[in-house]
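S.K.: structure for the following, please:
(one chain, ligands or ions: 2)
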Amino acid sequence: MADRMMASVELGGTKCVCLLGRGPDEIAEQRRIPTEAPERTLAAIEAVLDRWREAEDGFSALGIASFGPIDIDRSSPGWGRMKATTKPGWQGADIAGRLERRYAVPTAFDTDVNGAALAEGLWGAARGLDSFAYVTVGTGVGVGIVCGGRPIGGFSHPEAGHVRVARAPGDDWPGFCSFHGGCVEGLASGPAIEARLGHPAAEAPADHPVWRLVAHTLAQLCHGLALVAAPRRILLGGGVMEAQPHLFPRIREALAASLADYFPLPPGDYVVAPGLGGLAGPCGGIALAQGVLSGGKGNMGHDG
Ligand code: ADP
Ligand code: ZN
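M.R.: Numbers count the residues shown, from 1 in each chain. Ligands and ions are numbered 1, 2, ... in the order given. The predicted structure follows:
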C-alpha cells in the first residue's frame with residue numbers, strides 16, 4: 001500500500017494545494033491554485049491531476065480534503081458536493097463525484113480538518129493516538145475529532161467551530177459569525193479578531209487585551225471537546241495559532257481553571273501545536289487516500 005503514489009487535493013477557501021506523494025517525507029510534487037469560481041478552480045485542479053496521472057507512476061488513490069460544510073455521506077445523492085456556504089458560486093458544486101469519475105481510482109472525500117487530523121495521527125503530533133482532536137483557527141474555526149482511529153460524524157461531519165460557548169465575564173461584543181454571532185468562530189477566527197480590533201490581528205501585541213478573550217473562547221471550546229469526546233490530546237493549528245504562540249499557555253491555564261479539577265486531563269501538555277505545521281492540510285488528502293486504499297471507509301459518513 002505504502003509504495004503507491006497518491007494524489008491529494010486540499011480545497012481551501014482561499015487556495016487549493018494539490019500534492020502527489022506518499023506522506024510528508026515523500027512528496028513528489030506540490031502545486032498551489034487560487035480558489036476562484038468552482039468551474040475555473042476545478043479545471044485547474046484537473047490540469048494538475050491529468051499530468052500526474054500520465055506520469056510514470058500515476059496515482060492509485062485520490063483524497064480530497066475540503067472546506068465545508070460538504071456532503072460526505074456515500075449513500076446520499078449529494079455525496080461529494082458543497083453544501084450551504086457563503087463562498088460565492090460554490091453552493092451545490094460537485095467536487096468529489098466529478099474527480100472520481102474522471103480518474104476512476106478509489107476516492108475519499110472529507111473535511112479539511114478531518115484530513116489534517118488523520119495526517120497528524122499518522123505523521124504528526126497525534127502519532128500513535130487513537131483519539132484526539134485537531135482544531136484550526138484561521139479564516140474560520142474547524143475541528144476534526146478522531147475516535148477509535150476514525151473521524152467521528154453522523155448525519156454530517158461535526159461543525160464544532162460553530163458551537164456557542166460561555167462568554168468571558170463582561171464581554172458582550174456580538175461576534176462575527178453571519179449565522180450565530182458569538183459562536184467560537186464568531187469570536188476567535190482571524191476575521192472575528194480583526195473585526196473586534198478594527199485592524200489586522202498582526203498589529204495587536206501579545207499583551208493586547210483581545211488575546212485574553214481569544215484564549216478564553218478557545219479554552220471553552222477545549223473544555224467542551226474534552227468533556228464530550230475525551231480526546232487524548234488537542235492540537236491547535238491554523239494561521240492565528242501559528243502567529244500567536246503565546247496563546248498556548250493562556251489556553252492551557254484557562255482550560256484548567258474552567259475544568260476546575262472535575263476531570264483530570266492526561267499527563268503532559270494536553271493542548272499542543274500540530275507536528276506537521278503547514279503540511280497537515282496538504283497531507284490530509286494523502287491520509288484520506290491511504291485510508292480508502294487500505295479498505296477503510298474514510299469516515300462514519302460513508303457507512304450508509
Ligand atoms: P485558512 O483558514 O484560509 O486556511 P490560515 O489558517 O492561514 O488560512 O489563517 C488565515 C487567518 O489567520 C487570517 O484570517 C488572518 O486573520 C489570521 N492571521 C494571519 N496573520 C495573523 C497574525 N499575525 N496574528 C493573528 N492572526 C493572523
Ligand atoms: Zn457560527
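
S.K.: and stretch 55-65, is it in reach of ligand 1?
M.R.: No: using C-beta under 6 Å from any ligand atom, stretch 55-65 stays clear of ligand 1, coming no nearer than 11.2 Å. Any C-beta I mention is one placed from the backbone N, CA and C, and that applies to glycine too.

S.K.: got the residues of this protein near ligand 1?
M.R.: Residues of the chain lying close to ligand 1 (C-beta under 6 Å from any ligand atom) are 12-14, 136, 138-140, 190-191, 194, 201-202, 238-240, 243-244.

S.K.: ok, the nearest residue to Ala256 once chain neighbours are set aside - how many residues close by?
M.R.: Sequence neighbours aside, Leu265 is the residue nearest to Ala256 in space, at 7.9 Å (criterion: C-beta to C-beta, 6 or more residues apart in numbering). Residues near Leu265, counting by other C-beta atoms under 10 Å, number 18.

S.K.: tell me which element Leu265 falls in.
M.R.: Remark: Leu265 resides in no helix or strand, with elements defined by DSSP states H and E.

S.K.: how close does it get to Arg233?
M.R.: 9 Å (C-beta to C-beta, to the nearest Å).

S.K.: please apply the same query to Thr86.
M.R.: Distance from Thr86 to Arg233, by C-beta to C-beta: 31 Å.

S.K.: residues of the chain that sit close to ligand 2?
M.R.: When proximity is defined by C-beta under 5 Å from the ion, the chain lies next to ligand 2 at His162, Cys177, Phe179, His180, Cys183, Glu185.

S.K.: the last one touches Gly140, doesn't it?
M.R.: Yes: here Glu185 reaches Gly140: they are 5.3 Å apart, a contact under C-beta atoms under 8 Å.

S.K.: so which residues of the stretch 51-200 of the chain form strands?
M.R.: 62-66, 107-111, 132-137, 141-147, 150-151 (DSSP state E, counting those that start in this stretch).

S.K.: need the ones you listed in CSV (columns: mean neighbour count, mean pLDDT and distance to Val292).
M.R.: Formatted as CSV, those follow (neighbours: other C-beta atoms under 10 Å; pLDDT from 0 to 100; distance: least, C-beta to C-beta, whole Å):
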stretch, mean neighbour count, mean pLDDT, distance to Val292
strand 62-66, 30, 98, 7
strand 107-111, 29, 98, 4
strand 132-137, 28, 97, 19
strand 141-147, 25, 97, 16
strand 150-151, 24, 96, 12
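
S.K.: residues touching Glu120, list them.
M.R.: Contact analysis of Glu120 by C-beta atoms under 8 Å, 6 or more residues apart in numbering lists Ala126, Arg127, Phe132, Tyr134, Leu235, Pro274, Gly275, Leu276, Ala280.

S.K.: with adjacent residues omitted, what lies nearest to the second one?
M.R.: Computed as C-beta to C-beta, 6+ apart, the closest residue to Arg127 that is not its neighbour in sequence is Gly121, at 6.7 Å.

S.K.: from Trp173, how far off is the one you found?
M.R.: With C-beta to C-beta as the criterion, Gly121 and Trp173 are 36 Å apart.

S.K.: so for the two, which sits in the more crowded spot?
M.R.: Per other C-beta under 10 Å, whichever of Gly121 and Trp173 has more neighbours is Gly121, with 24 against 16.

S.K.: that one and ligand 1, how far apart?
M.R.: From Gly121 across to ligand 1, the span is 19 Å (C-beta to the nearest ligand atom, to the nearest Å).

S.K.: shaky segments in the protein?
M.R.: Within the chain, the stretches with pLDDT under 70 are 1-2, 296-304.

S.K.: and the helix or strand Met241 falls within, how far out from the chain's middle?
M.R.: Using DSSP H and E, Met241 sits in helix 239-243. When C-alpha coordinates are averaged (C-alpha atoms, centre = their mean, to the nearest Å), helix 239-243 and its chain have centres 14 Å apart.

S.K.: run through who's touching that helix.
M.R.: With contact meaning C-beta under 8 Å, 6+ apart, helix 239-243 is reached by 137-139, 188-190, 193, 201-202, 214, 247-248, 273, 277.

S.K.: change it to 6 Å
M.R.: With contact meaning C-beta atoms under 6 Å, 6 or more residues apart in numbering, helix 239-243 is reached by Val137, Gly138, Gly190.

S.K.: which parts of it are buried?
M.R.: Of all the residues in helix 239-243, those buried under the rule 16 or more other C-beta atoms under 10 Å are Gly239, Val240, Met241, Glu242.

S.K.: ok, then the element right after that helix?
M.R.: Following helix 239-243 in sequence, per DSSP H and E, is helix 247-259.
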